[in-house]
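Engineer: Pasted the sequence and its predicted model underneath.
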There are 2 protein chains.
Amino acid sequence: MEPTTTLQDEIKIGTLYPVGGFRACGVSAGLRKSGRPDLALIVSSRDCAAAGVFTTNQVKAAPVLVDMERLAHDPDTIRAVVTNAANANACTGEEGLHNAERTAKVAAEALGITPEQVLVLSTGVIGVQLPMDRMVNGIPQATGILENNGWLDAATAIMTTDTRPKAASRQLDGYTITGIAKGSGMIAPNMATMLAILTTDAKIPQPLLQQALRDANSVSFNRISVDGDTSTNDSVLLLANGDSGVQVGGGPAYRRFLAALTDICTELAHMIVRDGEGATRFVTVKVSGAPDNLSAHQIANTIGTSPLVKTAIYGGDANWGRVIAAAGRAGVPFDPSRLDLWFSAGSNGQSPLQVVANGTPASYEEEAAAAIFAQREVTILLSVGDGSGVAEVWTCDFSHDYVSINADYRS
Amino acid sequence: MEPTTTLQDEIKIGTLYPVGGFRACGVSAGLRKSGRPDLALIVSSRDCAAAGVFTTNQVKAAPVLVDMERLAHDPDTIRAVVTNAANANACTGEEGLHNAERTAKVAAEALGITPEQVLVLSTGVIGVQLPMDRMVNGIPQATGILENNGWLDAATAIMTTDTRPKAASRQLDGYTITGIAKGSGMIAPNMATMLAILTTDAKIPQPLLQQALRDANSVSFNRISVDGDTSTNDSVLLLANGDSGVQVGGGPAYRRFLAALTDICTELAHMIVRDGEGATRFVTVKVSGAPDNLSAHQIANTIGTSPLVKTAIYGGDANWGRVIAAAGRAGVPFDPSRLDLWFSAGSNGQSPLQVVANGTPASYEEEAAAAIFAQREVTILLSVGDGSGVAEVWTCDFSHDYVSINADYRS
């Protein structure tokens, strides 16, 4: 019954297309004790329109504050993104802000651009000042090895407890979108310790770019959770440099861009869930029949973050009572006697097994339910009434390894 | 460094005073495979005023619905409470409601009272019909062995994954209050799979009794969490039969009653946390300086239910960054540069070690923090500003055993 491969093995990176005018790389600046790569640099040879979505946490890391300000003031001339792992530069006060700005300055000098053209991202331990001597040495080192095909190296350098690099790419209509991301703890809707950097050589007005990112993000990264904790550093950046000469201004062209962007974001989001700390199962939760989409999302998210649901799934236990109990505490009124619940193997909801009908146990074979929960991918389908609200979220199970990883992370 | 006793060993039951006119017992009705006691009966020789607080979950178990109706219609003539473990009688539809009512009827017949005078409680697995043949056999068996000193037997019979029975007692002003409770998973504010039955031989008007229970509950049981999951069955009942002849009508006498009741509820609530599934550490979270008490509670509760905070505590890791990050996502606006955070050994906040000052790391020895987190009891004190809102919650850590217990519970 034990699968011979892990959930993480299913993270398959397809072809990563170079993006016109962009280069990337990853180097070891010595921020990690292990000596693994820990600094990623992404540079565009042309000014980019840049969009960003950031953590909703009240406590925002220094690089988040710096980027939010840059994007608020001059989002049309961005040229580079510096990302470091191993240190979140969060809860670091004035010195942390200064260090984030100095990081941008050092990169700007090495690249011959202005500090305002550089965005910065950090991920790692909170409350420790960035070791600036190492940053100052590492950045020029990175500028020397930038290349068109450096995406995988960049994706590798931003990993923390991730076990796999995460990257995805699409080509359409004469332009390319390529992005990288990292998870993998503190993952929750409204952004988590989750970084993603997306680039395209399409030419898109910044307000439209921001709208596309917001829309794509809301149905991809904001639909995943690993542990319900939302971090101080979550950021998704999208840079468009127009190098392909293809203009995306609105109408069908925009809708095609948005669809491709959403597709990449969803692919990266699923990779993050598959690489969730200690994850052994990929779980899709679909809720329908709620008064509205927001209510449906609230219910789906409460199920998807319930420790009792997630430990049951880890144990391969088709424990539908915990699903119903989680739905009931989501804060959305519904009629319990209208609840219908199905389990299904895989992520598409095919061949669903009804386990609850009208709020009471349906007649089914426990073996059939157990067979579903023996799969690596499981879908939970819950209908709470006849409203039109629907939502889908993705999560993973809650395992011994999650506890081990997080009990030991700092040491 | 490993303690030689467990957190559970610290659950000490003091003297359990008999309560005038009340008798209790626990028997094995065969609901558990193990043959352990699984049915508790508490009976008063006089009519009781009865008060109750129940789960806020949209999905309420059959016994909860039955009791809520009984208390809404005739809360002044209650005589008995039947509690079964191993089966929650939740998500069981009409048949479940019928079974809850039949349970009351069988007890009423055995005791020579009316079914409306009997309250029922259930805890255990969701979605399975109560085996009524066993209930019908078990109840008359229980009526035969009721005794004044049966509280510990009753407390033992209502355990599920609890490792220790939970009971507490006080005598004051010529009357007694004695109560029993059970945890220990699905514990979260707003009630959890948590049952408590409190009895007193004081004479108190029902509306005042309900008010006292609501007030005591809000600062005791509603302040604890084990995993943030709120169950379908949570109930706290308080029965007053007046057997002592002491009247508690208001004023100082009422305030003394409320204080003693709160004291017992808090003692039982702490026992539940200490016996939380897989718990190795007892954690007190105190938040001050919030705009109001509700905001403070929201922040304290977000910290207390954060898997990242709880796994760090399990690992003995003074990982204050996770505490700050949890506070930041609680949905309460505050100025991050005003945050002060202390850790302290024990539950009283003595000799606090400041780890964050004005939102940035305070200067302290990591060893001093580690020494605090090596203790079995730890207090987290967070000030978020200069508001007057304060709150205190109690929780436990998140261990490998929590995962083991909940991955295997049904099997």
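Structural biologist: Yep, that arrived.

Engineer: quick one, helices of the stretch 301-411 of chain A?
Structural biologist: Here the stretch 301-411 of chain A has its helices, by DSSP state H, counting those that start in this stretch, at A:307-314, A:320-328, A:366-373, A:400-408.

Engineer: and the second one, which residues are buried?
Structural biologist: Put plainly, it is helix A:320-328. Within helix A:320-328, the residues that count as buried by 16 or more other C-beta atoms under 10 Å in any protein chain shown are A:320-328. In short, each C-beta sits where N, CA and C put it, glycine included.

Engineer: can you tell me if it touches chain B.
Structural biologist: Yes. If you take C-beta under 8 Å from any C-beta of the partner chain as the test, helix A:320-328 does meet chain B, through A:320-322, A:324-328.

Engineer: pLDDT for the residues you listed - can I get that in JSON lines?
Structural biologist: Output for the residues of helix A:320-328 next to chain B, formatted as JSON lines (pLDDT from 0 to 100):
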{"residue": "A:320", "pLDDT": "88"}
{"residue": "A:321", "pLDDT": "85"}
{"residue": "A:322", "pLDDT": "86"}
{"residue": "A:324", "pLDDT": "90"}
{"residue": "A:325", "pLDDT": "86"}
{"residue": "A:326", "pLDDT": "89"}
{"residue": "A:327", "pLDDT": "92"}
{"residue": "A:328", "pLDDT": "90"}
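
Engineer: about what we covered before: return the member of the helices of the stretch 301-411 of chain A having the minimum mean pLDDT.
Structural biologist: With a mean of 66, helix A:400-408 has the lowest mean pLDDT of those.

Engineer: Show me how chain A divides into domains.
Structural biologist: Following automatic domain parsing, chain A resolves into domains at A:8-274, A:282-407.

Engineer: what distance separates the last one from the centre of its chain?
Structural biologist: Okay, so that is domain A:282-407. 22 Å (C-alpha atoms, centre = their mean, to the nearest Å).

Engineer: quick one on the thing from earlier: closest to chain B out of the residues of helix A:320-328 next to chain B?
Structural biologist: Taking C-beta to the nearest C-beta as the measure, chain B lies nearest residue A:321 of the residues of helix A:320-328 next to chain B, at 2.6 Å.

Engineer: didn't the closest one look like it was pressed against residue B:90?
Structural biologist: Yes. Using C-beta atoms under 8 Å, residue A:321 is in contact with residue B:90, at 6.8 Å.

Engineer: which residues are in contact with both of the two?
Structural biologist: Common contact partners of residue A:321 and residue B:90 (C-beta atoms under 8 Å, 6 or more residues apart in numbering or on different chains): B:126-127, B:232.

Engineer: wait, what's in contact with the residue lying farthest from the centre of chain A?
Structural biologist: Outermost residue of chain A with respect to the C-alpha centroid, by C-alpha atoms, centre = their mean, is residue A:363; its distance is 38.5 Å. With contact set as C-beta under 8 Å, 6+ apart, residue A:363 has no partners.

Engineer: Next: residue A:87.
Structural biologist: Counting by C-beta under 8 Å, 6+ apart, residue A:87 makes contact with A:31, A:122, A:124-125, A:128, A:130-131.

Engineer: got it, and residue A:335?
Structural biologist: Residue A:335 neighbours (C-beta under 8 Å, 6+ apart): residue A:385.

Engineer: Strands of the stretch 1-150 of chain A, residue ranges please.
Structural biologist: Here the stretch 1-150 of chain A has its strands, by DSSP state E, counting those that start in this stretch, at A:22-27, A:39-54, A:78-84, A:118-122.

Engineer: Provide the strand pairings for the third one, with the direction of each partner.
Structural biologist: It refers to strand A:78-84. Partners of strand A:78-84 in the sheet, by DSSP bridges, are strand A:39-54 (antiparallel), strand A:118-122 (parallel).

Engineer: burial count for whatever residue of the stretch 101-250 of chain A ends up closest to chain B?
Structural biologist: Closest to chain B within the stretch 101-250 of chain A is residue A:126: 2.6 Å, counting by C-beta to the nearest C-beta. Other residues near residue A:126 number 27, with proximity taken as other C-beta atoms under 10 Å in any protein chain shown.

Engineer: Okay, residue A:276 and residue A:12: tell me how far apart.
Structural biologist: 17 Å (C-beta to C-beta, to the nearest Å).

Engineer: more neighbours, those two?
Structural biologist: residue A:276 (33 against 9).

Engineer: Quick one: mean pLDDT for stretch A:51-64?
Structural biologist: On average, the pLDDT along stretch A:51-64 is 90.
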